[in-house]
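Undergrad: Sequence and predicted model, in that order:
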2 protein chains.
Amino acid sequence: MLRLEPKADQKMGSIRRGAMQAILHAAECVFARHGLAGSTMAEIAQEAGLPKANLHYYFGTKDRLYQTVLEGIVGEWLDHEAEWITPNRHPAEGLAGYVRAKMLHARRRPDASRIWASELLRGAPVIMGYLCQTARQQVLGTARVLQGWSEAGLMDRIAPTHLLFTIWGMTQTYADFDVQIRSTLGTSDISDTEFETAIQTVTTMVLKGCGVRSPTQLPR
Amino acid sequence: MLRLEPKADQKMGSIRRGAMQAILHAAECVFARHGLAGSTMAEIAQEAGLPKANLHYYFGTKDRLYQTVLEGIVGEWLDHEAEWITPNRHPAEGLAGYVRAKMLHARRRPDASRIWASELLRGAPVIMGYLCQTARQQVLGTARVLQGWSEAGLMDRIAPTHLLFTIWGMTQTYADFDVQIRSTLGTSDISDTEFETAIQTVTTMVLKGCGVRSPTQLPR
DNA sequence: GTCTATATAGCGATAGAC
DNA sequence: GTCTATCGCTATATAGAC
């Protein structure tokens, strides 16, 4: 499970490829708005500009379409970990870079974040296997890097897994629950400068919260 | 909208009261698991141990039942703010108390938190009015208290609303996405000691992240 | 390959017996 | 007030024309 359609890997007609892309894009948008159960194949078809039957032709069932959309999203939230949280980086650089990457992801791919959140809220029935295997191993590896930074005296001793949980919670909230943020701020959408303030706030909370001392300059 | 059933405020038969309570409790449980669209009146009825028709007799429609469940939840996430974040408290006490209260709420009422999260994910169609009116005013009031603490030199200058957003994100993640946390930790449920570690981690992140200096003792 | 027209199932809601 | 039996609608899925 959780593999791409074999057909998608091979050479295929550009019409087929274009139609599947349109469907997947429309499905991601609709699933993000209404969740799996709240979405209908008819609405996804309309969003994609195709007849409803074509969705079944390409993806079989609604569940398989949902699963395919999820497969494209699954990797996104772990990619930045391995990029930024590495033993050879200083935590000031690694944590700040990771937080910024997570925040920019929340800003640029809110639909992906919401589908992920919706799947977790349901108890992760589709991606449970992935969570307990691949994802867990990578997260534990990242936690060991954080542990190493602490033991090297580069930051305070803090429960590494819980540090990751809080970073995920802080960053993803800007995608998943942005309606709450916008209604509080009283804006119809969050400006770039406002979002930069958000990034700064989260970064500061993480760096100072972990007692990270900058390698190049002292905190003010 | 968002008012309690008038009938619920008046004296009513104990049978009626008991049935409505059973339905509301079952509905909260089912809505938390499957969301509004994914839940069926039949499943809620079975969970409550009553015939399906009784749900319609007491609450009319599925939407009204959902709305009633939501009404019982709406106030919960703002209650602790007014209790802990007050001008006459020191931020070390106020923020730590608030974080602990939010964390204990996530632990004790995960279903309530998940329904709230699910409603926000959908774009908050039912509670939008409440969010932009009552909730917004109270949150802005809380933000002014945080601002006052900063200006009094009791903590760093940090964007007050974003501080609240991050606290909500960190604490609610332990209810909403606990499947992710449990799969990472490799446990079927989170122990009390593990959860205490979580509370300590979040509290430390907030207090040190905001540069709060304890009024009674220096940070180590 | 593409799309219209339709079969089938499940759900919300209700009528009416008790 | 309570519950059984059922109605009508909507959504998934497919058959079959083009």
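TA: It's in.
Undergrad: Go ahead and flag the most central residue of chain A.
TA: The residue lying closest to the centre of chain A (C-alpha atoms, centre = their mean) is A:W77, at 3.8 Å.
Undergrad: For that residue, what is the enclosing helix or strand?
TA: Per DSSP states H and E, A:W77 falls inside helix A:76-84.
Undergrad: likewise A:V139?
TA: helix A:136-151.
Undergrad: before we move on, the earlier item: any idea which element the residue lying closest to the residue nearest to the centre of chain A once chain neighbours are set aside lies in?
TA: Spatial nearest neighbour of A:W77, excluding adjacent residues (C-beta to C-beta, 6 or more residues apart in numbering or on different chains): A:W116 at 6.4 Å. Where you see a C-beta, it was placed from the backbone N, CA and C, and this is true even at glycine. A:W116 belongs to helix A:110-121 when elements are defined using DSSP H and E.
Undergrad: Quick check: what element follows that helix along the chain?
TA: Downstream of helix A:110-121, the next assigned helix or strand under DSSP H and E is helix A:128-130.
Undergrad: And what about the closest residue to A:T187 other than its chain neighbours, helix, strand or coil?
TA: The shortest distance from A:T187 to any non-neighbouring residue, by C-beta to C-beta, 6+ apart, is to A:E194 (7.3 Å). Following DSSP: H, G, I helix; E, B strand; the rest coil, we place A:E194 in the helix state.
Undergrad: And A:E194, how close does it get to B:G94?
TA: A:E194 is 25 Å from B:G94, where distance means C-beta to C-beta, to the nearest Å.
Undergrad: Could you pull out the buried residues of stretch A:15-31?
TA: Within stretch A:15-31, the residues that count as buried by 16 or more other C-beta atoms under 10 Å in any protein chain shown are A:19-20, A:23-24, A:26-31.
Undergrad: Would you format those as a markdown table with secondary structure and distance to chain B included?
TA: Listed next are the buried residues of stretch A:15-31 as a markdown table, based on DSSP: H, G, I helix; E, B strand; the rest coil; distance: C-beta to the nearest C-beta, whole Å:
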| residue | secondary structure | distance to chain B |
| --- | --- | --- |
| A:A19 | helix | 27 |
| A:M20 | helix | 26 |
| A:I23 | helix | 21 |
| A:L24 | helix | 20 |
| A:A26 | helix | 18 |
| A:A27 | helix | 16 |
| A:E28 | helix | 14 |
| A:C29 | helix | 13 |
| A:V30 | helix | 12 |
| A:F31 | helix | 11 |
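Undergrad: In chain A, what helix or strand scores lowest on average pLDDT?
TA: Lowest on mean pLDDT, DSSP states H and E among the helices and strands of chain A sits helix A:6-9, with a mean of 45.
Undergrad: rewinding a little: distance from the chain centre to the helix holding A:W77, please.
TA: Distance of helix A:76-84 from its chain centroid, counting by C-alpha atoms, centre = their mean, to the nearest Å, is 10 Å.
Undergrad: do stretch A:130-144 as well
TA: Computed by C-alpha atoms, centre = their mean, the separation of stretch A:130-144 from the middle of its chain amounts to 15 Å.
Undergrad: and the residue nearest to A:W77, how many residues sit next to it?
TA: Residues lying near A:W116 (other C-beta atoms under 10 Å in any protein chain shown) number 24.
Undergrad: any idea how far it is from A:G75?
TA: A:W116 sits 11 Å away from A:G75, going by C-beta to C-beta.
Undergrad: so the residue nearest to A:T187 sits right up against A:G186, yeah?
TA: No. Contact criterion C-beta atoms under 8 Å: A:E194 and A:G186 do not qualify, at 11.1 Å.
Undergrad: higher neighbour count, those two?
TA: Neighbour count, other C-beta under 10 Å: between A:E194 and A:G186, A:E194 has more, with 16 against 9.
Undergrad: which other residues reach the helix holding A:W116?
TA: A:28-29, A:31-32, A:35-36, A:69-70, A:73-74, A:76-77, A:105-106, A:125-127, A:172, A:175-176, A:178, B:35, B:114, B:117-118, B:121, B:176-177, B:179-180 (C-beta atoms under 8 Å, 6 or more residues apart in numbering or on different chains).
Undergrad: for stretch A:131-142, same thing?
TA: A:78, A:81-82, A:85, A:124, A:160-161, A:164, B:179-180, B:183-184, B:186.
Undergrad: run the last query once more with 10 Å
TA: Applying C-beta atoms under 10 Å, 6 or more residues apart in numbering or on different chains, the contact partners of stretch A:131-142 are A:2, A:74-75, A:77-79, A:81-82, A:84-86, A:98, A:119-120, A:124, A:127, A:129-130, A:160-161, A:163-165, A:168, B:179-180, B:182-186.
Undergrad: Beyond the helix or strand hosting A:R17, next helix or strand please.
TA: Counting by DSSP H and E, the element that carries A:R17 is helix A:14-38. Sequence order places helix A:41-48 as the next helix or strand after helix A:14-38, per DSSP H and E.
Undergrad: Give me the buried positions along stretch A:68-82.
TA: A:68-71, A:73-74, A:77, A:80-81.
Undergrad: Dump these to TSV, plus pLDDT and distance to A:P215.
TA: Listed next are the buried residues of stretch A:68-82 as TSV, based on pLDDT from 0 to 100; distance: C-beta to C-beta, whole Å:
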residue	pLDDT	distance to A:P215
A:T68	97	44
A:V69	98	41
A:L70	97	39
A:E71	95	39
A:I73	96	35
A:V74	92	34
A:W77	84	28
A:H80	95	21
A:E81	96	21
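Undergrad: can I get those in a markdown table with distance to DNA strand D?
TA: Listed next are the buried residues of stretch A:68-82 as a markdown table, based on distance: C-beta to the nearest atom of the strand, whole Å:
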| residue | distance to DNA strand D |
| --- | --- |
| A:T68 | 13 |
| A:V69 | 14 |
| A:L70 | 15 |
| A:E71 | 17 |
| A:I73 | 20 |
| A:V74 | 21 |
| A:W77 | 26 |
| A:H80 | 33 |
| A:E81 | 34 |
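Undergrad: Before I go, just wanted to say thanks for your time.
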